[in-house]
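[1] Sequence first, predicted coordinates after that:
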Amino acid sequence: MATGSFYFGGMPHQTTFAHAEFAAKKKTTRREMFLAQLEEAVPWAKLLAVIEPHYPKGARGRPPIGLERMLRSHFLQQWYALADAALEDALYDSQALQRFARIDLQAEGVPAATTLLNFRHLLEPHGRCKALFTAINPDLATRGLLLRAGTLVAATLIAAASSTKNQKQERDPEMHQTKKGNQWCFGMKAHIRADRDSKLVHTVVVTAANVADVTKTAELLHGDETQVHADAGDTGGAKRAEIVALGRKIDWPIAAKRGGIRARAEGAEQEARKAAEKAKASVRAFVEHPFHIVKNLFRHRKVRYRGLAKNGHQLYILFGLANVVIGARPRVTA
């Protein structure tokens, strides 16, 4: 039974008791606040313009679902780490997700899991995920958030399934294992370059887990930085041929290896060295903020797909959305 009317996506629809009850509830959930803030922060027009030339026009067969609805659903999938079928169920269950995705169950159904899968495959060819990542940063630059004098470079391991209980009975051949501390990890590595002041990610490079951080440092630099902060994995990076070839003077506050500090005799010299390393670490720690958003807020701690290419496409989307979260004010939590 209807109780009035409202406008949804520019079209009038009848307000049901369910809509009225949802609108009248006293508490605004954290999910609703999170989605409302990102609704304002995402540059929808620019992102839609990136995909629109490649999206089906519906000249033949069944008309396609609206592009904006599909993009919004795809972002929900990334924010809440949902599989295609799980996202379909969640859209049916949650009115907050329905409102964000511009879905009115009175007028149309939720995109099916196969439709969500096909949309993700549409984004993967020809660097469209990277194009979405690139389109987000200029919008943030208009808010004065991209300050390129200081650069932070870092890498994080993302685990992959090491089991061979699959159709091919083998591990992903593009993933590799590496030792971190006393623990062996199997998976891939995401190398990023972030701005020292705004914490926004500018560049993402994806490799297998056994690739040394220092070999990818040159690919992460944008060319205008005067200072590069990095951890001990980038020791010696300033002397590499590809860095020397840049012909620019760059300050490299690189973290010292722990063994070198411990080897120093106890006393004022060691305490001074520890204080210097603490000061460097306090700046370098900012690069962990995008990793925190991707791994903890978006729950992306394990790869979802096989191969570096597919996972690389997803990481472009995830770090682009992490930039949106960082750029949103006030800070948001899911």
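    That came through fine.
[2] quick one, strands of this structure?
    Under the criterion DSSP state E, the chain contains strands at 2-8, 11-16, 150-159, 176-180, 183-195, 201-208, 227-229.
[3] Low-confidence bits of the stretch 51-200 of the chain, can you list those?
    144-149 (pLDDT under 70).
[4] That one: helices as residue ranges?
    67-79, 84-93, 95-100, 113-123, 128-141 (DSSP state H, counting those that start in this stretch).
[5] can you list the strands of the chain in JSON lines and add mean neighbour count and distance to A45?
    The C-beta positions use only the backbone N, C-alpha and C, and glycine is treated the same way. Below are the strands of the chain laid out as JSON lines (neighbours: other Cβ atoms under 10 Å; distance: least, Cβ to Cβ, whole Å):
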{"stretch": "strand 2-8", "mean neighbour count": "12", "distance to A45": "19"}
{"stretch": "strand 11-16", "mean neighbour count": "14", "distance to A45": "19"}
{"stretch": "strand 150-159", "mean neighbour count": "21", "distance to A45": "29"}
{"stretch": "strand 176-180", "mean neighbour count": "13", "distance to A45": "41"}
{"stretch": "strand 183-195", "mean neighbour count": "21", "distance to A45": "24"}
{"stretch": "strand 201-208", "mean neighbour count": "21", "distance to A45": "22"}
{"stretch": "strand 227-229", "mean neighbour count": "21", "distance to A45": "34"}
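[6] Let's have the ones you listed in a markdown table, adding distance to L220.
    Output for those, formatted as a markdown table (distance: least, Cβ to Cβ, whole Å):
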| stretch | distance to L220 |
| --- | --- |
| strand 2-8 | 43 |
| strand 11-16 | 46 |
| strand 150-159 | 5 |
| strand 176-180 | 19 |
| strand 183-195 | 4 |
| strand 201-208 | 5 |
| strand 227-229 | 9 |
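[7] Mind putting the helices of the stretch 51-200 of the chain into a markdown table with distance to L315 and mean neighbour count?
    Listed next are those as a markdown table, based on distance: least, Cβ to Cβ, whole Å; neighbours: other Cβ atoms under 10 Å:
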| stretch | distance to L315 | mean neighbour count |
| --- | --- | --- |
| helix 67-79 | 10 | 21 |
| helix 84-93 | 18 | 17 |
| helix 95-100 | 23 | 20 |
| helix 113-123 | 13 | 17 |
| helix 128-141 | 8 | 19 |
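[8] can I get the ones you listed in CSV with distance to K46?
    Shown next, in CSV, are the helices of the stretch 51-200 of the chain (distance: least, Cβ to Cβ, whole Å):
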stretch, distance to K46
helix 67-79, 11
helix 84-93, 24
helix 95-100, 18
helix 113-123, 15
helix 128-141, 5
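[9] Select, out of these, the one closest to K165.
    helix 84-93 (21.0 Å; Cβ to Cβ).
[10] Check which helices and strands that closest one is in contact with.
    Contact analysis of helix 84-93 by 3 or more Cβ pairs under 8 Å, 6 or more residues apart in numbering; DSSP states H and E lists helix 67-79, helix 95-100, helix 113-123 as its packing neighbours.
[11] any chance of the ones you listed in JSON lines, plus distance to N311?
    Below are those laid out as JSON lines (distance: least, Cβ to Cβ, whole Å):
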{"stretch": "helix 67-79", "distance to N311": "13"}
{"stretch": "helix 95-100", "distance to N311": "25"}
{"stretch": "helix 113-123", "distance to N311": "12"}
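[12] Nearest to G181, out of these?
    That would be, of the helices and strands packed on helix 84-93 and by Cβ to Cβ, helix 67-79, which comes in at 29.6 Å.
[13] which one of the helices of the stretch 51-200 of the chain lies closest to A36?
    helix 95-100 (8.4 Å).
[14] and the closest one, how far from the chain's centre?
    Centroid separation for helix 95-100 versus its chain: 22 Å, with Cα atoms, centre = their mean, to the nearest Å.
[15] name the helices or strands packed onto it?
    Using 3+ Cβ pairs under 8 Å, 6+ apart, helix 95-100 is in contact with helix 17-24, helix 30-41, helix 67-79, helix 84-93.
[16] what's next to that helix, contact-wise?
    18-19, 22, 29, 31-32, 35, 39, 72, 76, 90-91, 104-105, 110 (Cβ atoms under 8 Å, 6 or more residues apart in numbering).
[17] now do stretch 161-175
    A160, Q177, F186, G187, M188, A208, A209, K302, V303, R306, G307, L308.
[18] What residues are bridge-paired with the second one?
    Per DSSP bridges, the residues bridged to Q177 are F186.
[19] Minimum distance to F119: which of the helices and strands packed on helix 95-100 has it?
    Proximity to F119 (Cβ to Cβ) singles out helix 67-79 among the helices and strands packed on helix 95-100, at 4.8 Å.
[20] May I have that closest one as PDB, with CA atoms only?
    C-alpha atoms of helix 67-79 as PDB (Å, rounded to 0.1, in the frame of the first residue of the first chain):
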ATOM      1  CA  LEU A  67      25.700   2.900 -16.300                       C
ATOM      2  CA  GLU A  68      25.500   4.900 -13.100                       C
ATOM      3  CA  ARG A  69      23.600   2.200 -11.300                       C
ATOM      4  CA  MET A  70      26.200  -0.400 -12.400                       C
ATOM      5  CA  LEU A  71      29.200   1.800 -11.300                       C
ATOM      6  CA  ARG A  72      27.600   2.500  -7.900                       C
ATOM      7  CA  SER A  73      27.000  -1.200  -7.400                       C
ATOM      8  CA  HIS A  74      30.600  -2.000  -8.400                       C
ATOM      9  CA  PHE A  75      31.900   0.500  -5.900                       C
ATOM     10  CA  LEU A  76      29.700  -1.100  -3.200                       C
ATOM     11  CA  GLN A  77      31.300  -4.400  -4.100                       C
ATOM     12  CA  GLN A  78      34.800  -3.000  -3.500                       C
ATOM     13  CA  TRP A  79      33.900  -1.100  -0.300                       C
END
